[in-house]
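**Q** Predicted model follows, preceded by the sequence.
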Amino acid sequence: MATILTWISDQQQMIYIVILMIFLGIEVIGRVPSVLHTPLMSGANAIHGVVIIGAIIVMGKAESDNYLALALGFLAVIVGALNVVGGFVVTDRMLEMFRKKR
């Protein structure tokens with residue numbers, strides 16, 4: 001128990017920042033009109049392609065016998081790619097709604 005309390009006191013500033021980010025994110029998302037919510041979220045999903053780059057870096061720096069890091073990196077690449085593709089698909093569907101019909 002003492003080690004947990006020591007870790008919390010060492011990381012107190014980071015914990016405050018994370019809590020503030022959570023409240024700020026909830027406040028910002030709560031103020032977005034429902035008409036804009038889907039395009040903004042699909043754009044945010046596309047931006048999360050940074051996860052793919054981070055996962056590739058983790059896999060590149062991992063030791064060849066560290067199967068946990070390699071498996072988690074591979075899983076992050078797959079999930080990040082699905083997130084990026086899903087973001088672009090949703091954005092394309094939203095933009096298609098605003099095109100004039102022939």
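**A** Right, received. Where do you want to start?
**Q** Give me the domain ranges for the protein.
**A** 1-31, 35-96 (automatic domain parsing).
**Q** can you tell which of those domains is closest to residue 102?
**A** Closest to residue 102 of these, according to C-beta to C-beta: domain 35-96, at 12.7 Å. For glycine as for every other residue, the C-beta is placed from the backbone atoms N, C-alpha and C.
**Q** Centre of the chain to the closest one, how far?
**A** Relative to its chain's centre, domain 35-96 lies at 7 Å (C-alpha atoms, centre = their mean, to the nearest Å).
**Q** can you give me the mean pLDDT across it?
**A** The predicted model assigns domain 35-96 a mean pLDDT of 82.
**Q** For the nearest residue to residue 54 once chain neighbours are set aside, pull up the helix or strand it's in.
**A** Spatial nearest neighbour of residue 54, chain neighbours left out: residue 76 (7.3 Å); criterion: C-beta to C-beta, 6 or more residues apart in numbering. Counting by DSSP states H and E, the element that carries residue 76 is helix 67-97.
**Q** Which elements pack onto that helix?
**A** Other helices and strands packing on helix 67-97, by 3 or more C-beta pairs under 8 Å, 6 or more residues apart in numbering; DSSP states H and E, are helix 34-47, helix 50-61.
**Q** which one of those helices lies closest to residue 2?
**A** helix 50-61 (31.8 Å).
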